[in-house]
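[1] give me a model of this one.
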Amino acid sequence: MISDRDSVAFDGRVVHRSRSGLSVLFYIKDSDEEHWFPLSQIELTDDDTSILMPNWLARKKGLA
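    Next up, the predicted model:
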């Protein structure tokens, strides 16, 4: 579980899931970009339309 104060959420959608099932390609609506994210570092909503990730990961991907 990711703490709210240490995380950031984005709306979008899952575009693709890796064959291994360990990562997802997620389209981020606000930036109009797609990024791969490891499922071990993020949380997805049940309908796969929102992603929650640690601030450090958002910074690493250039999203924060």
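[2] quick check: bridge partners of the most centrally placed residue in the chain?
    By CA atoms, centre = their mean, the chain has its centre lying nearest to residue 51, at 4.3 Å. Counting by DSSP bridges, residue 51 is bridged to residue 10, residue 44.
[3] what residues are up against it?
    9-10, 12, 26, 28, 37, 42-45 (CB atoms under 8 Å, 6 or more residues apart in numbering). Heads up, the C-betas are built off the backbone N, CA and C, glycines and all.
[4] and of these, the nearest to residue 20?
    Ranked by distance to residue 20 (CB to CB), the contacts of residue 51 are led by residue 37 at 13.4 Å.
[5] which one of the contacts of residue 51 has the most neighbours?
    residue 26 (24 neighbours; other CB atoms under 10 Å).
[6] name the residues linked to that residue by a beta bridge.
    The partner residues for residue 26, given DSSP bridges, come to residue 14, residue 35.
[7] these two touch, right, it and residue 35?
    Yes: between residue 26 and residue 35 there is a contact at 6.1 Å, judged by CB atoms under 8 Å.
[8] quick revisit: between all of the contacts of residue 51, which two are separated the most?
    For these, and using CB to CB, no pair is farther apart than 28 and 43, which are 14.8 Å apart.
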